[in-house]
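J.: Turn this into a model:
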Amino acid sequence: MAQIPTVVLGILIILLAVTLAVAGTALVHNWVPNKLRESHTVPLGLLNVGLTGMFGIIIGLTSFLVLGEYSDAQQALQSEAGDVEEIYRLAGPLPEPKQEQIQGLAASYARVVVNEEWLLMKEDRTSPRADALIEDLRSTIQEGYRTSSGAEQDFFGEELDVMDELDADREARVLAVHQRLPSILWIALVILSLATIGFSSLAGMENRRLHLLTVGVLATGITLAMFTIGVLDRPFGTDFRVQPQPFELLLHEIE
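T.: Presented below is the predicted three-dimensional model:
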């Protein structure tokens, strides 16, 4: 499943959901007389309105949550790249070999994030090499701070402050890789969507084709909305994931 393009997977899921919904509605037309369904149209309609309202509230809340998570992931990535750029810039006035060490580690970290970790994040993993590089970067800056004095020590002090921000932003990005919506929300969405489609299938519509079309469109909309939420819930895990453009731009400027 992980090898299937996100768009293709979405189309397959929607087709499966629509096929099941339309097939279920066709069975209802074959097994339940239209007169019986028409006699229960009012109570079924009231039930469906209530279920649709609850489904709309929960899917709205869920959409708000995943959009917030996706936006936070983008912001964390931009801040992280900005921190690396600031560390690289602050190392400019430092004497050799510290300048070369710090700038080299900062550039190496950016390259590993783009070329290695980005592929791993699609599988909900991170790069041990990136973790090692960020630790080496902090150790190098701390060593320079301890062995320097005056203005040079001030530069290392600023580097350490930015390192703290870099650690926090990386932690936020890693958290976004593993963070998911609570299972209870998915359970509620699935149950309410099945109930909404099920009661719509029982509607007292005499025109069979129109009824099948109506249920099919409803199933398409519900499945599309839930699939979109699933995609946004993995900001680094699908073909529509957040892109490493801030890091790519940083590497372009360095090189």
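J.: Relative to residue 46, how far out is the residue sitting furthest away from the middle of the chain?
T.: Distance from the centre of the chain peaks at residue 35, with 47.2 Å (CA atoms, centre = their mean). Going from residue 35 to residue 46 by CB to CB, to the nearest Å gives 20 Å. (Each C-beta comes from the backbone N, C-alpha and C, glycine too.)
J.: and what of residue 187?
T.: 24 Å.
J.: Below-threshold pLDDT in the stretch 101-250 of the chain: ranges please.
T.: Along the stretch 101-250 of the chain, segments meeting pLDDT under 70 are nowhere present.
J.: just checking, next helix/strand downstream of the one helix or strand the residue farthest from the centre of the chain maps to?
T.: Assigned by DSSP states H and E, residue 35 belongs to helix 34-39. Using DSSP H and E, the helix or strand that follows helix 34-39 in sequence is helix 41-90.
J.: Could you point out the helix or strand that follows that following helix?
T.: Using DSSP H and E, the helix or strand that directly follows helix 41-90 along the chain is helix 98-112.
J.: Show the secondary-structure elements that that following helix is packed against.
T.: On a contact count with 3 or more CB pairs under 8 Å, 6 or more residues apart in numbering; DSSP states H and E, helix 98-112 meets helix 41-90, helix 128-147, helix 245-254.
J.: Out of the ones you listed, which is closest to residue 235?
T.: helix 41-90 (3.9 Å; CB to CB).
J.: mean confidence score for the closest one?
T.: Helix 41-90 comes out with an average pLDDT of 88.
J.: Residue 214 versus residue 195, what's the distance?
T.: Computed as CB to CB, the residue 195 to residue 214 distance reads 16 Å.
J.: Equivalent analysis for residue 117, please.
T.: Residue 117 is 47 Å from residue 214, where distance means CB to CB.
J.: of these two, who's got more company?
T.: Taking other CB atoms under 10 Å, residue 117 and residue 214 do not tie; residue 117 has more neighbours (24 against 16).
J.: who's in contact with that one?
T.: For residue 117, the contacting residues are 126, 127, 130, by CB atoms under 8 Å, 6 or more residues apart in numbering.
J.: Where does the first one sit: helix, strand or coil?
T.: By that I understand residue 126. Secondary structure, DSSP: H, G, I helix; E, B strand; the rest coil: residue 126 is coil.
J.: which residues in the stretch 151-255 of the chain form strands?
T.: Under the criterion DSSP state E, counting those that start in this stretch, the stretch 151-255 of the chain contains no strands.
J.: now the helices: where do they sit in it?
T.: Ranges of helices within the stretch 151-255 of the chain are 183-201, 208-232, 245-254, based on DSSP state H, counting those that start in this stretch.
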